[in-house]
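> Sequence and computational prediction follow.
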Amino acid sequence: QVQLVESGGGLVQTGDSLRLSCAASGRTFSRYGMGWFRQAPGKEREFVASISWSGSITAYADSVKGRFTISRDNAKNTVYLQMNSLKPEDTAVYYCAARLFQAPTIDSSDYWGQGTQVTVSS
């Protein structure tokens, strides 16, 4: 069993930066691919970024490429999402997800966190 707890959300202005963290319980964190997803009001949940279990492979949605960076620290059981140049359209609840040995997807994740709100004002 893996429990995921996100933190770091908040209210910021356009152009600001935030770093989200997702802390995982358990001793097998390094076996999981990790990902960040987001859901804006009235919209479906969408993929943001993912990172392989080793950290060597990353992927990003086109909408955040060049602005967001996903990383992980297996010694701390934590995955991060550095968000720069934030835009109002980045406003959403951000969720982290885990999938054993593979990149998580919306339909194929083993565990989800409870989410953290990010609001970007114009």
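Everything's here; your move.

> Please enumerate the helices of this structure.
In chain order, the chain shows no helices, with DSSP state H as the criterion.

> contacting residues around the residue nearest the centre of it?
Compute the mean C-alpha point of the chain, and by CA atoms, centre = their mean the closest residue is W36, 2.5 Å away. Contacts of W36 were listed using CB atoms under 8 Å, 6 or more residues apart in numbering, and they are 20, 22, 48-50, 70, 79, 81, 94-97. For the C-beta atoms, the positions are set from N, CA and C on the backbone; glycine is no exception.

> With V2 instead?
Contacts for V2 were tallied using CB under 8 Å, 6+ apart; they are 24-26, 28-29, 32, 98, 110-111.

> filter those residues to the buried ones?
Of all the contacts of V2 considered here, the ones buried according to neighbour count by 16 or more other CB atoms under 10 Å are 24, 29, 32, 98, 111.

> pLDDT-wise, what's the bottom of the residues you listed?
Lowest-confidence member of the buried ones among the contacts of V2: F29, scoring 90 (pLDDT).

> Was I right to think it contacts N77?
Yes: with contact defined as CB atoms under 8 Å, F29 reaches N77; the gap is 4.3 Å.

> residues near the residue lying closest to K76 once chain neighbours are set aside, how many?
For K76, the nearest residue in space outside its immediate sequence neighbours is A23; the separation is 7.8 Å by CB to CB, 6 or more residues apart in numbering. Other residues lying near A23 total 16 when counted by other CB atoms under 10 Å.

> chain center to stretch 112-122: distance?
How far stretch 112-122 lies from its chain's middle: 10 Å, per CA atoms, centre = their mean, to the nearest Å.

> Identify the residues contacting F37.
For F37, counting by CB under 8 Å, 6+ apart, the contacting residues are 45-48, 94-97, 106.

> Just to check, S85 is in contact with Q13?
No: counting by CB under 8 Å, no contact exists between S85 and Q13, whose distance comes to 11.4 Å.

> Look up which residues are beta-bridged to L81.
Partner residues in beta bridges with L81, using DSSP bridges, are L20, I70.

> What about it, how many residues nearby?
L81 has 27 nearby residues by other CB under 10 Å.

> Good, wrapping up.
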